[in-house]
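In: give the three-dimensional model of this entry:
(one chain, ligands or ions: 1)
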Amino acid sequence: MGKDYQFYINGQWRDGAGGERFPAINPYNQEAWASIPHAADCDVAEAIQAARSAFERTWRHTSGLERAKLLHRLADLLEADADRLCVLESTDNGKVIRETRTQMSFAARQYRFFAGFADKLWGNVIPLDQPHILDYANRVPVGVAVLITPWNSPMHLLSNKLAPALAAGCCVVIKPSEHASATTLEFCKFIEQAGFPPGVVNVVTGDARVGKALANARGIDKLSFTGSPDVARSIAADAGRNLVPVTLELGGKSPNIIFDDADIDQAVIGALAGIFAATGQTCIAGSRLLVHRPVYKTIVERLVVRAGSIVMGNPVDPKTEMGTAANEPQFRKILGMIEAARKDGAKLVAGGGPATDSALAKGFFIQPTIFIDVENSMTIAQEEIFGPVLSIIPFETEEQAITIANDTRYGLASGVWTTSLNRALRVSKEIQAGTVWVNTYRAIAAQVPFGGMKESGFGRERGAPALDEFMTFKNVMIDYSGTIRDPFAIRT
Ligand code: NAD
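Out: Down below sits the predicted model:
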């Protein structure tokens, strides 16, 4: 096995107290390429304690300007080493390097974006009814935040949380997924090199046991989680017992709607990007393609042809268009859902199983898969698959498209393809989702808020609202009237 990683607590590299380790498996060839330590409960407690001491002793007294400088340094270091990190991430989770490379730059962009806020977190002076009371509301960091991330985009999803948390003045304990921990641990070296004080950023690795210990911990002020809705329910209940507030970024079953007045070339590419980019292992996957009846046949034909020519191969090869499922349980889950959809009566027109090319036999490859004439009530149209499986659903009218789009328990993302401005505005207004893309899909920016409605979660990441997740208000009221008040009546 390759490298033996260590995790990072209070500025020190450590193995787990129990000595337990687990392998990092390359989903392209199933080889164990590194070993990761599993944190014990006492490691988790120490990481939280380290974050608490750093917050009280150092970080909450560190100026916004200094926090901004450190965040920019972090971005510099990430950019300088991005080529190496994207190879590591693609090796760890099978995501194509074309995407992990973009994600490294995007992560760096987020540290810079939030660095810009760090010295501008001013509050308000609030005029009151009483003339001789000075009132001001300061924005203050909540304190110690736990950040739990999934395996599909470790560096990118971590930056959604860590950049605003550090800019806001919080100290953190991070737990990456047991299926893709390596880049988060590599990233800690940049935390060290950039000069963050010990304890400001801590990382513990391990499986759900570590996540559960963090979610149940007393002494934390915030928990921010990205992952599946089922785990979110457990985390929210655990944190809720200690009255710890949570931000939840969860799954989706996003509708991507093509109207008959759309630019068909653009729409076909948008549909392809929506579901086959990142092997469909993204929360924003446009996994339900709603197509207007007059263009239904054309869209289906063109997608089937393009899906059949998608280049699958080694994720670290820049020519590869689609990588593997990220791990074996995910591979089995996707195949199981394809099989169930067939039994449910969905009509398969492309893919439908593991890749058949013998050169891909060792990897968790799944063919780009398309079902047509899907009914929205079918399991395949209601459950998140998190794989390269597209359900195409025909519709007749704009109203019907909106009804189908909203007939889901999720509300993360959506797409609308039309050349009519009126229609774009009407449909965007009606769709119940945190993000609506018009004539584009899977487009992201550090500046804009991202998050879900309904069971896709609550709270926002990216954009200025992300800071609110890690800050609260402290109001100060100063009476300078010099008068004696009535002690038995509340003062207004
Ligand atoms: P997951 O929910 O299985 O695991 C996520 C993290 O939670 C991992 O670090 C895991 O170890 C930890 N965990 C597992 N059980 C836990 C428990 N009981 N208590 C505390 N922590 C626990 O998710 P996954 O399979 O890693 O990722 C896929 C899911 O993530 C999909 O549902 C996807 O839609 C979602 N996702 C959402 C977004 C978004 O921004 N909305 C982005 C990417 C992925």
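
In: and Thr282, helix, strand or coil?
Out: Following DSSP: H, G, I helix; E, B strand; the rest coil, Thr282 is assigned to coil.

In: looking at it now. What's its pLDDT?
Out: On the pLDDT scale, Thr282 is placed at 97.

In: now Met1
Out: According to the prediction, Met1 has pLDDT 66.

In: could you do Gln110 as well?
Out: 98.

In: please verify my assumption that it contacts Arg462.
Out: Yes: counting by Cβ atoms under 8 Å, Gln110 does reach Arg462; the two are 7.0 Å apart. C-beta here means a position set from N, CA and C on the backbone, and glycine is covered the same way.

In: neighbour count: these two, which is higher?
Out: Neighbours were counted for Gln110 and for Arg462 using other Cβ atoms under 10 Å; Gln110 has more, 30 against 23.

In: for that one, what are its contacts?
Out: 159-160, 163, 446, 462 (Cβ atoms under 8 Å, 6 or more residues apart in numbering).

In: can I get the buried part of those as one PyMOL selection?
Out: Only the buried entries of the contacts of Gln110 go into this PyMOL selection, using 16 or more other Cβ atoms under 10 Å:
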select buried, resi 159+160+163+446+462
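
In: I'd like the contacts of Gln110 laid out as TSV, including pLDDT and secondary structure.
Out: Shown next, in TSV, are the contacts of Gln110 (pLDDT from 0 to 100; DSSP: H, G, I helix; E, B strand; the rest coil):
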residue	pLDDT	secondary structure
Ser159	98	helix
Asn160	98	helix
Ala163	99	helix
Ala446	98	coil
Arg462	98	coil
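
In: just the closest of the contacts of Gln110 to Leu70, please.
Out: Lowest distance from Leu70 to those (Cβ to Cβ) belongs to Ala163, with 11.4 Å.

In: right, and the closest one touches Phe117 too?
Out: No: using Cβ under 8 Å, Ala163 is not in contact with Phe117, being 9.3 Å away.

In: which residues touch Lys222?
Out: 142-146, 170, 244-247, 469-470.

In: looking at those, which are in helices?
Out: Using DSSP state H, the subset of those located in helices is empty.

In: check the secondary structure at Val87 for me.
Out: Assignment for Val87 (three-state DSSP): helix.

In: residues contacting Val427?
Out: 257, 398, 401-402, 416, 418, 436.

In: mind redoing it with 6 Å?
Out: Val416 (Cβ atoms under 6 Å, 6 or more residues apart in numbering).

In: on that earlier part again, who touches both of Gln110 and Arg462?
Out: By Cβ under 6 Å, 6+ apart, the residues touching both Gln110 and Arg462 are Ala446.

In: tell me the residues of the stretch 251-400 of the chain that contact the ligand?
Out: 251, 283, 384, 386 (Cβ under 6 Å from any ligand atom).

In: now render the contacts of Lys222 as JSON lines, adding distance to Gly313 and pLDDT.
Out: JSON lines is the format used below for the contacts of Lys222 (distance: Cβ to Cβ, whole Å; pLDDT from 0 to 100):
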{"residue": "Val142", "distance to Gly313": "45", "pLDDT": "98"}
{"residue": "Gly143", "distance to Gly313": "46", "pLDDT": "98"}
{"residue": "Val144", "distance to Gly313": "43", "pLDDT": "98"}
{"residue": "Ala145", "distance to Gly313": "39", "pLDDT": "99"}
{"residue": "Val146", "distance to Gly313": "37", "pLDDT": "99"}
{"residue": "Cys170", "distance to Gly313": "41", "pLDDT": "98"}
{"residue": "Val244", "distance to Gly313": "44", "pLDDT": "98"}
{"residue": "Pro245", "distance to Gly313": "44", "pLDDT": "98"}
{"residue": "Val246", "distance to Gly313": "39", "pLDDT": "98"}
{"residue": "Thr247", "distance to Gly313": "37", "pLDDT": "98"}
{"residue": "Glu469", "distance to Gly313": "39", "pLDDT": "98"}
{"residue": "Phe470", "distance to Gly313": "40", "pLDDT": "98"}
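
In: so which of those comes closest to Glu99?
Out: Closest to Glu99, out of all of the contacts of Lys222 and judged by Cβ to Cβ, is Thr247, at 24.3 Å.

In: what's the burial count for the residue lying closest to that closest one once chain neighbours are set aside?
Out: Excluding its sequence neighbours, the residue lying closest to Thr247 (Cβ to Cβ, 6 or more residues apart in numbering) is Gly459, at 3.2 Å. Using other Cβ under 10 Å, Gly459 has 19 other residues around it.

In: what about the lengthiest helix in the chain, near the ligand?
Out: Using DSSP H to define each element, the chain has its longest helix at helix 97-118. No: using Cβ under 6 Å from any ligand atom, helix 97-118 never reaches the ligand; the gap is at least 11.6 Å.

In: would you mark the buried spots in that helix?
Out: Within helix 97-118, the residues that count as buried by 16+ other Cβ under 10 Å are 97-101, 103-104, 106-115, 117-118.

In: what's the answer for stretch 157-166, then?
Out: Applying a neighbour-count criterion of 16+ other Cβ under 10 Å, one finds 157-166 buried in stretch 157-166.

In: among those residues, which one lies nearest to Ser358?
Out: Closest to Ser358, out of all of the buried residues of stretch 157-166 and judged by Cβ to Cβ, is Leu157, at 34.1 Å.

In: check what contacts whichever strand or helix holds the closest one and list those residues.
Out: According to DSSP states H and E, Leu157 maps onto helix 154-168. Helix 154-168 is contacted from outside by 103, 106-107, 110-111, 114, 117-118, 141, 145, 147, 149, 172, 176, 180, 183-184, 224, 226, 461-462, 466-467, 470-471, using Cβ under 6 Å, 6+ apart.

In: so where's this protein uncertain?
Out: Residues of the chain that meet the criterion pLDDT under 70 lie in 1.

In: quick one on the thing from earlier: tell me the angle of the helix holding Leu157 relative to helix 97-118?
Out: 0 degrees (axes from the mean of the first three to the mean of the last three Cα atoms, to 10 degrees).

In: okay, helix 154-168 in CSV with CA atoms only?
Out: Listed next in CSV are the C-alpha coordinates belonging to helix 154-168 (Å, rounded to 0.1, in the frame of the first residue of the first chain):
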residue,chain,number,x,y,z
PRO,A,154,-14.1,16.6,-1.3
MET,A,155,-12.1,19.8,-2.0
HIS,A,156,-14.9,21.7,-3.7
LEU,A,157,-17.5,20.8,-1.1
LEU,A,158,-15.1,21.5,1.8
SER,A,159,-14.4,25.0,0.4
ASN,A,160,-18.2,25.7,0.4
LYS,A,161,-18.0,25.4,4.2
LEU,A,162,-14.5,26.1,5.3
ALA,A,163,-14.0,29.4,3.4
PRO,A,164,-17.0,31.2,5.0
ALA,A,165,-16.3,29.6,8.4
LEU,A,166,-12.8,30.8,8.6
ALA,A,167,-13.7,34.3,7.2
ALA,A,168,-16.4,34.6,9.8
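
In: contact residues of the stretch 101-250 of the chain facing the ligand?
Out: Checking the stretch 101-250 of the chain against the ligand by Cβ under 6 Å from any ligand atom, the hits are 148-152, 157, 175, 177-178, 207-208, 211-212, 215, 226-228, 231, 234-235, 249-250.
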